[in-house]
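In: How does the following fold in three dimensions:
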Amino acid sequence: MATDPLPPLLSSVKLKYVKLGYQYLVNHILTVLLVPVMAAICVELGRRGPGEMAALWRQFRELDVVHVLCGAFVCIIAGTVYALSSPRAVYLVDFACFRPTRDCRVPFATFLEHARLLPYFDERTVRFMVRILERSGLGEETCLPPANHYIPPQRSMAAARAEAELVIFSAVDELLAKTRVTAKDIDIVVVNCSLFSPTPSLSAMVVNRYGLRSNVLSFNLSGMGCSAGLISVDLARDLLQARRDAYALVVSTEIITPNYYTGMERAMLLPNCLFRMGAAALLLTNRRAERARAKYRLCHVVRTHKGGDDGAHRCVYQEEDEEGIVGIRLSKDLMAVAGEALRANITTIGPLVLPASEQLLFLLSLVARKVFGLRWKPYIPDFRQAFDHFCVHAGGRAVIDELQKSLRLRDEDVEASRMALHRFGNTSSSSLWYELAYIESKGRMRRGHRVWMIGFGSGFKCNSAVWRCLRTVRGPVDGPWASTIHRYPVHVPDVVKLS
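Out: Numbers count the residues shown, from 1 in each chain. Model prediction:
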């Protein structure tokens, strides 16, 4: 009698559940090993009679009291030393993002009409900017500062200061109102702005505007590119380790007004098309009493700097073109350099955040390729096993696409980045906070969720930070998305035909 052939493995075994079983087994290996041991101990104790149990209790009571006290004293001393030597927890109480008004909006038609009216650009240059905008991923509601709406744009120091005061003070005012912290309570101020560095500094401007104490620690970071926001967080964290019960105000922005490029070098025209106005202010603290109302706890900050390589150092470079006009030149090797920096960064952060199952697979892949010479593709860890949300720097469509491909993320994992780029454009170092605000406004942030922020900057740098949510954030929330979150997500076509 003929028997039916056995079905193929792929059709008879649900590989998805095999993988889930493997992940559970490896990630809970201690539990899997200890549960049978504890069960065996309980069974053995259950077999003993009342007399044997009473004898064990008498033996325990006959222990030397001095030995017990010495053991307890050693445990207390060890616990105290550990508590004093471990770093202080740093909490993000809350954050706020600048919300531009509608009179700052610059639709594509307005942007291109102004470009055609300017004496700097010829028609060929305008057509190039059209192609950039068509593939940029930006929407019709991005905003430029008031000075850039003039023909020609006003690029004076006064106009740049006016933009800085508008975006920074608006964000800080909202933050102080949300957290109910007074300006006199702030102990540390860190402001980062890459291209605009006046004297007095922007951090001094904040100190003056809010009348901060004379012993406030003030820092101003410039020239560090779009990843400077996470550098500011890292600096504030280190300062909070040295100062007890302190508040740190961190402000991240980029001032557009003085940096509008008026030449015709194509590699220097991209920032004109992609960068828009924005700012974010956040309040960090190491006060334990604030944990109850804080939104997030800072878990890790990993910084990677590839500036030792000349190509990486010059891939985002401020210089003069052949006509002597200053602008930011973006190298054609930018994406390759960014990919290399990302690989170096995730190599460092992976062991800190990935579950044991993913680390084991990565190790086996590495051994197979390096030791046994097998031609296996490098195993890319599944970072979705470690994180619930991803905030990828919204530098442009190409940046988001490359990161999604490199990290094997789903469309929903980079939704916040694409929508922030569409609604606000590339706001430089503050873009990560517009993305986090999007996730909150959608009501997707739950207690215990982990967030991975990834930023890129000139130099060339790739920086990342890991946050753990301390309380569920009910959306929608008041913030930069308050009036538009109901319309998102939107479909962003690969190409938007503008002509």
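
In: alpha carbons only for contacts and neighbour counts from here, please
Out: Noted.

In: Skipping adjacent residues, who's closest to Leu283 in space?
Out: Nearest residue to Leu283 in three dimensions, chain neighbours excluded: Leu249, at 4.9 Å (CA to CA, 6 or more residues apart in numbering).

In: Can you tell me whether I have it right that the one you found is in a helix?
Out: No - going by DSSP: H, G, I helix; E, B strand; the rest coil, the assignment for Leu249 is strand, not a helix.

In: That one bridge partners, please.
Out: Leu249 forms beta bridges with Val189, Leu283, as assigned by DSSP bridges.

In: where does it sit relative to Leu176, distance-wise?
Out: Distance from Leu249 to Leu176, counting by CA to CA, to the nearest Å: 10 Å.

In: Now for this protein, the helix or strand with the poorest mean pLDDT.
Out: Every helix and strand in the chain was compared by mean pLDDT, DSSP states H and E; the lowest is helix 9-12, with a mean of 40.

In: where do the strands sit along the chain?
Out: In the chain, the segments counted as strands under DSSP state E are 91-97, 188-192, 217-221, 247-253, 279-285, 296-305, 316-320, 326-330, 389-392, 450-457, 461-469.

In: Against which helices or strands is the second one packed?
Out: Counting contacts by 3 or more CA pairs under 8 Å, 6 or more residues apart in numbering; DSSP states H and E, the secondary-structure elements packed against strand 188-192 are helix 202-210, strand 217-221, helix 228-242, strand 247-253.

In: could you dump the last one to PDB, C-alpha only?
Out: What follows is strand 247-253, C-alpha atoms only, in PDB (Å, rounded to 0.1, in the frame of the first residue of the first chain):
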ATOM      1  CA  TYR A 247      18.300  70.300  36.300                       C
ATOM      2  CA  ALA A 248      19.900  70.600  32.800                       C
ATOM      3  CA  LEU A 249      18.300  72.500  30.000                       C
ATOM      4  CA  VAL A 250      19.300  71.300  26.500                       C
ATOM      5  CA  VAL A 251      18.400  73.300  23.400                       C
ATOM      6  CA  SER A 252      19.000  72.000  19.800                       C
ATOM      7  CA  THR A 253      18.500  74.100  16.700                       C
END
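
In: coming back round to it: more crowded one of Leu249 and Leu176?
Out: The neighbour comparison of Leu249 against Leu176 (other CA atoms under 10 Å) goes to Leu249, with 25 against 19.

In: just checking, that one touches Leu239?
Out: No - with contact defined as CA atoms under 8 Å, Leu249 does not reach Leu239; the gap is 11.6 Å.

In: Surely Val477 and Arg444 touch.
Out: No - at 11.4 Å, Val477 does not count as touching Arg444 under the criterion of CA under 8 Å.

In: Identify the residue nearest Met453 in space, chain neighbours excluded?
Out: Leaving aside its chain neighbours, Met453 sits nearest to Cys391 (4.7 Å; criterion: CA to CA, 6+ apart).

In: In contact with the one you found: list those residues for me.
Out: Contacts here follow CA atoms under 8 Å, 6 or more residues apart in numbering; on that basis Cys391 touches Val414, Ala416, Ser417, Leu432, Glu435, Leu436, Val451, Trp452, Met453, Ile454.

In: Please identify the most buried of the helices and strands packed on strand 188-192.
Out: Among the helices and strands packed on strand 188-192, the stretch with the highest mean neighbour count (mean count of other CA atoms under 10 Å) is strand 247-253, at a mean of 27.

In: for the chain, which helix is longest?
Out: Counting by DSSP state H, the longest helix found in the chain is helix 157-179.

In: what packs against that helix?
Out: Looks like helix 157-179 contacts strand 91-97, strand 247-253, strand 279-285 (3+ CA pairs under 8 Å, 6+ apart).

In: so how far is it off the chain centroid?
Out: Computed by CA atoms, centre = their mean, to the nearest Å, the chain-centroid distance of helix 157-179 equals 22 Å.

In: for the record, mean pLDDT for that helix?
Out: Helix 157-179 comes out with an average pLDDT of 97.

In: now swap in stretch 464-472 and tell me
Out: Here the average pLDDT along stretch 464-472 is 96.

In: Give the buried residues for it.
Out: Buried residues in stretch 464-472, counting neighbours by 16 or more other CA atoms under 10 Å, are found at Ser464, Ala465, Val466, Trp467, Arg468, Cys469, Leu470, Arg471.

In: so who does the fourth one touch?
Out: So that's Trp467. Counted by CA under 8 Å, 6+ apart, Trp467 has contacts Tyr296, Arg297, Leu298, Cys299, His300, Arg450, Val451, Trp452.

In: 10 Å instead, please
Out: The neighbours of Trp467, taking CA atoms under 10 Å, 6 or more residues apart in numbering as the test, are 91-92, 295-301, 387, 389, 448-453.

In: what do you get for the last one?
Out: The contact partners of Arg471, taken as CA under 10 Å, 6+ apart, are Arg291, Ala292, Arg293, Ala294, Lys295, Tyr296, Met445, Arg446, Arg447, Gly448, His449.

In: Pipe these into TSV and attach neighbour count, pLDDT and distance to Cys75 per row.
Out: As requested, the contacts of Arg471 are exported to TSV (neighbours: other CA atoms under 10 Å; pLDDT from 0 to 100; distance: CA to CA, whole Å):
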residue	neighbour count	pLDDT	distance to Cys75
Arg291	19	94	27
Ala292	10	94	29
Arg293	14	95	32
Ala294	21	97	31
Lys295	21	97	33
Tyr296	24	97	31
Met445	25	96	38
Arg446	16	96	36
Arg447	13	96	32
Gly448	14	96	30
His449	18	97	33
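
In: Just name the closest of those residues to Leu360, please.
Out: Using CA to CA, His449 is the member of the contacts of Arg471 that sits closest to Leu360, with 23.3 Å.

In: these two touch, right, Glu290 and Val181?
Out: No - applying CA atoms under 10 Å, one finds Glu290 not in contact with Val181, separated by 11.2 Å.

In: Counting neighbours, go ahead and name the busier of the two.
Out: The neighbour count for Glu290 versus Val181, taken as other CA under 10 Å, is higher for Glu290 (16 against 13).

In: Relative to Glu174, how far out is that one?
Out: In terms of CA to CA, Glu290 sits 19 Å off from Glu174.

In: cool, and Phe95?
Out: Shown here: Phe95 relative to Glu174, a distance of 9 Å by CA to CA.

In: ok so, going back, looking at the helices and strands packed on helix 157-179, spot the one closest to Val326.
Out: Proximity of those to Val326 was assessed by CA to CA; the nearest stretch is strand 247-253, lying at 20.4 Å.

In: Check which helices and strands the closest one sits against.
Out: strand 91-97, helix 157-179, strand 188-192, helix 202-210, strand 217-221, helix 228-242, strand 279-285, helix 431-441 (3 or more CA pairs under 10 Å, 6 or more residues apart in numbering; DSSP states H and E).

In: Go again with 7 Å.
Out: The helices and strands touching strand 247-253, judged by 3 or more CA pairs under 7 Å, 6 or more residues apart in numbering; DSSP states H and E, are strand 188-192, helix 228-242, strand 279-285.

In: Output the second one as PDB, restricted to C-alpha atoms.
Out: When you say that, I think you mean helix 228-242. Taking Å, rounded to 0.1, in the frame of the first residue of the first chain, the C-alpha atoms of helix 228-242 are listed here in PDB:
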ATOM      1  CA  ALA A 228      24.900  67.700  17.900                       C
ATOM      2  CA  GLY A 229      21.700  67.200  19.700                       C
ATOM      3  CA  LEU A 230      22.700  63.800  21.100                       C
ATOM      4  CA  ILE A 231      26.200  65.200  21.800                       C
ATOM      5  CA  SER A 232      24.500  67.900  23.900                       C
ATOM      6  CA  VAL A 233      22.500  65.100  25.800                       C
ATOM      7  CA  ASP A 234      25.800  63.200  26.400                       C
ATOM      8  CA  LEU A 235      27.500  66.400  27.700                       C
ATOM      9  CA  ALA A 236      24.500  67.100  30.000                       C
ATOM     10  CA  ARG A 237      24.500  63.600  31.300                       C
ATOM     11  CA  ASP A 238      28.200  63.800  32.200                       C
ATOM     12  CA  LEU A 239      27.700  67.100  34.000                       C
ATOM     13  CA  LEU A 240      24.800  65.600  35.900                       C
ATOM     14  CA  GLN A 241      27.000  62.900  37.200                       C
ATOM     15  CA  ALA A 242      29.200  65.500  38.900                       C
END
